[in-house]
Every structure is written in C-alpha cells, then in structure tokens.
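Student: No sequence on hand, only this structure:
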C-alpha cells in the first residue's frame, strides 16, 4: 500500500477561523478527512501532521525517511519564505514532494514570492484553496 504524508506548517491549525477571506473557511480537520478518504479509495495510506514548530516538522520529515513514506504534500505556511533548515530536511530525505499553498502567494506581499522549497518540489500548487491538496494527492496517485 502506498503511503503519503501530508505536512501542515505554522498557523494552519487555525484554518476556518484565521483570515477566511484569504485562506477560506475549510478547517484543517476537514482537509485531512477528505484526503484520508480519497487515499483509502485508491488503496493509499494518507497520514497528516501539523505543527507550529519548525523542528517538529523537520523531525517528521526525518521519520518519513524510515517509515515507508513514498511522497509528501507540504504546506509549509510562513516557513516557505524563511526556512533553509526545512529545505535541507526535504533534500536529505529525498522523498518526492509537492508544495501547496491555499492562497495565491504571488498575488500577495512581495516576500511571499520567495520559496526555499519550490526548487526541490515536483510541483507547486498555489491559490486553489483546500482543493490544492486534493489535486496534489491525485497527481501523486496517478504518477505511482
């Protein structure tokens, strides 16, 4: 059975409440439930992890190297623009990943145009709301 890890970065636990005009009203639990169900339909184990701590996300990526994870979908939140350490962890893990952003980061503040992860990613989905996660999962399941 294929295993895909969903990583959610800082502040994504506040989805549905935090700036709904930017991030939408869908809650993180609902995103995870949809992805888990979608994976189950396709005989894929989808596991999700959210942390507001950079180190916890890095530790989870390190763990993924050993637990059979075959691909990662990551919304690194604000760490996208600041974390060389997160980038290095993904590079070291050598697990294919897709970077997802709920909002269109290119239509926002200039600092959001910089991603330390995109260069390593299979692809980047930005601005399609919660649907971006589903599109990333569909792509990974079709590619395997």
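Tutor: Yes, it's here. It should be emphasised that the depicted structure is a prediction, and the values quoted were computed from it without experimental measurement.
Student: Run a quick neighbour tally on residue 20.
Tutor: Using other C-beta atoms under 10 Å, residue 20 has 11 other residues around it. C-beta here means a position set from N, CA and C on the backbone, and glycine is covered the same way.
Student: Nearest residue to residue 42 in space, please, no chain neighbours.
Tutor: Nearest residue to residue 42, sequence neighbours excluded (C-beta to C-beta, 6 or more residues apart in numbering): residue 141, at 5.0 Å.
Student: so that neighbour touches residue 2, yeah?
Tutor: Yes: between residue 141 and residue 2 there is a contact at 7.3 Å, judged by C-beta atoms under 8 Å.
Student: Identify the contacts common to those two.
Tutor: Common neighbours of residue 141 and residue 2, using C-beta atoms under 8 Å, 6 or more residues apart in numbering, are residue 44.
Student: three-state assignment of the residue nearest to residue 42?
Tutor: helix (DSSP: H, G, I helix; E, B strand; the rest coil).
Student: Report the contact partners of it.
Tutor: Applying C-beta under 8 Å, 6+ apart, we find residue 141 in contact with 2, 4, 39, 42, 44.
Student: Could you identify which of the residues you listed has the most neighbours?
Tutor: Counting neighbours by other C-beta under 10 Å, residue 4 comes out on top of these with 27 neighbours.
Student: Ramachandran angles for it?
Tutor: phi -120, psi 130 (degrees, to the nearest 10).
Student: Do I have it right that residue 124 meets residue 106?
Tutor: No: between residue 124 and residue 106 there is no contact under C-beta under 8 Å: 10.0 Å.
Student: The two - which one has more neighbours?
Tutor: Each of residue 124 and residue 106 has its neighbours counted (other C-beta under 10 Å); residue 124 has more, 17 against 11.
Student: Let's see the pLDDT reported for that one.
Tutor: You'll see residue 124 listed with a pLDDT of 97.
Student: Check whether it sits in a helix, strand or coil.
Tutor: Using three-state DSSP, the structure places residue 124 in strand.
Student: what's it in contact with, if anything?
Tutor: Contacts of residue 124 (C-beta under 8 Å, 6+ apart): 98, 99, 100, 101, 115, 118.
Student: try it again with 7 Å
Tutor: Contact partners of residue 124, counting by C-beta atoms under 7 Å, 6 or more residues apart in numbering, are 99, 118.
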